[in-house]
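K.L.:
Give me a model of this one.
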Amino acid sequence: MAFTTVPGASASDATSYVGTSGIDSLTLSAGAASNVFVGSQQANDTITLQGAVERTTHTIKGGQGNDVVSFGGGTLTTSFLNGNKDTDTFGSAADLGTLNTTTLQGGQGTDSIFIGSATDSIINGNKQADTITLATSLSGSELRGGADNDTISIGNASVTNSLVHGDLGNDAITIAINASADRAYTNSTTNGGAGTDTITAANSTASLLLAGGDDADTVSGSTNSDTINGGAGNDSIQGNAGPDQLNGGVGDDSFAYVATADLFNGNALVDVLDGATGTDSVAINNNGAAVFTIAAADSWATRNTGIERISAYTATDTRMSVTLNNNAYEAGLRFVDFSADTDNTASNLVDASAETGAANNYTILGSAGVDSLQGGSGIDSISSGAGIDEFTYEATADLFVANAVEDNLDGGAGTTDSIEIKNNGLATFTIAAADSFATRFTNIEQINAGEATNQIISISLNNNAFEAGVNTVDLSADTTAGQTNIITVAAETGANGYSLAGGAGVDGITGGGGAGTDSLDGGLGNDTLTVGAGNDIITQNNGDSTIATVTFNNLTGAALTNANSVITFGNGVDVINDFAGTADDLDADAGGATVLAGGGNIATAGAGNYLIRGIANAGRTNFTVNGGGADMLFMVSTATDMRNVANTGTSSIILIGAGAAMVAGDVV
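P.N.:
Residues are numbered from 1 along each chain as shown. As a prediction, this is how the structure comes out:
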């Protein structure tokens, strides 16, 4: 049934109409200005307030169906609206209601309420998951979601002396106020209430007072100066731009940041942070930028209470670089935790080396990416993730104390995690043979020079180092010439093979004493390489402009015969002395090497059988074999005359020339 109400005999006469059990359309004319009751019944009814007029003391109630109330651009004063049962709709985006000292209450269903402005009024979604939209202003009023999971949207409105409250349920509240002369948020509070609520004001420029309420809430402030209270529960709070007051309340709360400039400005905290009770965090959120940096000069001494942790908020492709000030521990920080970052594309850094307190112990957890982790002077617990991670140390005393690993180190799932030795300005960095890797040391495979240093690095590995996981010592990153670095694994008695590499200086490298196959690479410089009892492989790579003199120990007599050692030389000019075996081979076939600058002589050779093979270089090439054994000389020349090939013993000579003239008389 459709009908239109008409006013009574006078403007103050009451008018009452109740719909039928069918689908009714009730239109309240503009003349019905006061004391009106309109109610619908069982079906899906429509109630329309006709005309942009002010109506007072109206009571409008929906029935049992899905009812629709249209405001018609008018104002309701001292009135009461109730959706009653089922899913009801009050207004629309194009039909916004204006309420003055009025109560609007949704029904028991999933209601939609659209309000242009409300003054001294109460708006309540009531039961079920309701949607409430405020467009223009809220003054001296309450806007409440009611029970269940409600959605409340505050547009570009002015909110003054009012309360926005989610009440029960997991509510979502959005605020988008563009601060101006007639758009402000003054003396008001937005509270999520009970439940896991989300309050978002990232598109607002007004200063806001926001509260998460009970349970674990997510609250994001405006770009202005906000006050945000997390309340009970483990809340996530993000102040965004502007100097904010952020209070975590009870629970383990996270203060999320997407930009370094929102956290620190001029090396001071931008926001006032109060974690209150629980273990609270500054959480680095994904921002799509290249790097999020907390610098060593950034101070935690002021504006910070109850923050114990710096963490990754979620998986991020942003590189996180955290270098802690010496005052961070005193300010309450105890943890740096990147374990939530499961993205393996970024190289993250944690550096707590500025911490000088021996009793100040950090816990540092890496990400799934390539991390560089460094503790301070205390007994730190450092664990990396699944990536190729580095544990950085500058001083020996930070790694070992009383021959035991000081920090708790865990490299995680990677297979090439490392201790990285950085430049500390001191004379030496020493790992002694007595230093044990048996405890506090897990899943770390390498000990490396992290950079060029001005110190002597001396590493003597304990017999338990390999069993603890270490299989490589690599000082090749130390490109400082003249340094005398030491690597020795002589204490190794098992069949465990190490990979050992020197730097650019004068290195001394000693393989294991057991039967393992060690790989010794001297790198640049005049090195001393000493093999052990196993089948060791030696590589000497000379990139210097001058001749490098390399001394090989344990390559004589039985050691050479029994060890079956393999020696590989690079492209430099090599000097080899003291061949004393009985069946040695010298192969210089690749690269046109000159065997001994003095004319190709193996001068001290005894009566053994020797093979010399090579390719003639530019100019005259002289080779001499001394000794009484059955020596063999095999040479190939493609463009150079072969000259002065001599055998002073009784052995045979084989000469092959390919594309080059053999000069008569030069074969002796």
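K.L.:
Verify the contact between Val258 and Thr314 for me.
P.N.:
No: taking contacts as Cβ atoms under 8 Å, Val258 lies outside contact range of Thr314: 11.0 Å. In this view, the C-beta of every residue, glycine as well, is placed from N, C-alpha and C.
K.L.:
what's the strand or helix carrying Thr539 packed up against?
P.N.:
Element membership of Thr539 [criterion: DSSP states H and E] is strand 537-540. Here strand 537-540 touches strand 519-521, strand 566-569, going by 3 or more Cβ pairs under 8 Å, 6 or more residues apart in numbering; DSSP states H and E.
K.L.:
Direction included, what does the shortest one pair up with?
P.N.:
The one in question is strand 519-521. Applying DSSP bridges, strand 519-521 is found paired with strand 499-501 (parallel), strand 537-540 (parallel).
K.L.:
what's downstream of it, the next helix or strand?
P.N.:
Defined by DSSP H and E, the subsequent element after strand 519-521 is strand 528-530.
K.L.:
so what secondary structure elements neighbour that following strand?
P.N.:
Strand 528-530 packs on strand 508-510, strand 551-553, going by 3+ Cβ pairs under 8 Å, 6+ apart.
K.L.:
quick one: average confidence on it?
P.N.:
Averaged over strand 528-530, pLDDT sits at 86.
K.L.:
Give the partner strands of it in its sheet and their orientations.
P.N.:
Sheet pairing here is set by DSSP bridges, and for strand 528-530 it gives strand 508-510 (parallel), strand 551-553 (parallel).
K.L.:
Would you single out the least confident of these?
P.N.:
strand 551-553 (a mean of 61).
K.L.:
Would you mind giving the domain segments of this protein?
P.N.:
425-436+446-575, 580-668 (automatic domain parsing).
K.L.:
any idea which of those domains scores lowest on pLDDT?
P.N.:
It's domain 580-668: among the domains of the chain, that one has the lowest mean pLDDT, namely a mean of 48.
K.L.:
burial measure for the closest residue to Asp536 other than its chain neighbours, as a count.
P.N.:
Nearest residue to Asp536, sequence neighbours excluded (Cβ to Cβ, 6 or more residues apart in numbering): Asp518, at 4.7 Å. Counted by other Cβ atoms under 10 Å, the residues lying close to Asp518 total 24.
K.L.:
you'd agree Ala465 is up against Ile487?
P.N.:
No: at 11.8 Å, Ala465 and Ile487 do not qualify as touching, with contact defined as Cβ under 8 Å.
K.L.:
mind listing what Leu209 touches?
P.N.:
Contacts for Leu209 (Cβ atoms under 8 Å, 6 or more residues apart in numbering) come out as 185, 188-190, 226-227.
K.L.:
do Glu420 as well
P.N.:
Glu420 neighbours (Cβ under 8 Å, 6+ apart): 372, 390-393, 448-450.
K.L.:
before we move on, what about Asp182?
P.N.:
Ser158.
K.L.:
And the pLDDT for it?
P.N.:
84.
K.L.:
do you know how far it is from Asn161?
P.N.:
16 Å (Cβ to Cβ, to the nearest Å).
K.L.:
again, but for Ala395
P.N.:
Remark: distance between Ala395 and Asn161 (Cβ to Cβ) = 60 Å.
K.L.:
Quick one: residues contacting Gly516.
P.N.:
492, 494-498, 532, 534.
K.L.:
let's go with 10 Å and repeat that
P.N.:
With contact set as Cβ atoms under 10 Å, 6 or more residues apart in numbering, Gly516 has these partners: 466, 471, 489, 492-498, 532-536.
K.L.:
Mark which of the residues you listed are buried, thanks.
P.N.:
Among those, those buried by neighbour count (16 or more other Cβ atoms under 10 Å) are 466, 471, 489, 492, 496-498, 532-536.
K.L.:
Phi, psi for Thr260 please.
P.N.:
phi -60, psi -40 (degrees, to the nearest 10).
K.L.:
actually Glu467, sorry about that
P.N.:
Torsion angles, degrees, to the nearest 10, at Glu467: phi -60, psi -30.
K.L.:
isn't it right up against Asn496?
P.N.:
Yes: taking contacts as Cβ atoms under 10 Å, Glu467 lies within contact range of Asn496: 8.0 Å.
K.L.:
What's the end-to-end length of stretch 67-79?
P.N.:
18 Å (Cα to Cα, to the nearest Å).
K.L.:
Kindly report the same for stretch 171-181.
P.N.:
30 Å.
K.L.:
mind starting the numbering at 39 from now?
P.N.:
New numbering, starting at 39: the last item is stretch 209-219.
K.L.:
Any buried residues in that stretch, and which?
P.N.:
209-215, 217.
K.L.:
can you give me the helices in this structure?
P.N.:
Assigned by DSSP state H, the helices in the chain fall at 298-301, 434-437, 503-506, 596-601.
K.L.:
Look up how far Asp455 lies from the closest residue to Asn500 other than its chain neighbours.
P.N.:
Nearest residue to Asn500 in three dimensions, chain neighbours excluded: Ser474, at 5.5 Å (Cβ to Cβ, 6+ apart). In this view, Ser474 and Asp455 are 19 Å apart by Cβ to Cβ.
K.L.:
Mind checking which of those two has more residues around it?
P.N.:
Neighbour count, other Cβ under 10 Å: between Ser474 and Asp455, Asp455 has more, with 27 against 19.
K.L.:
Could you check the pLDDT of the more buried one?
P.N.:
Asp455 is given a pLDDT of 92.
K.L.:
Does it touch Thr430 like I think?
P.N.:
No: in this structure Asp455 lies outside contact range of Thr430 using Cβ under 10 Å: 11.9 Å.
K.L.:
Need the overlap of contacts for the two.
P.N.:
With Cβ under 10 Å, 6+ apart, Asp455 and Thr430 have common neighbours Leu411.
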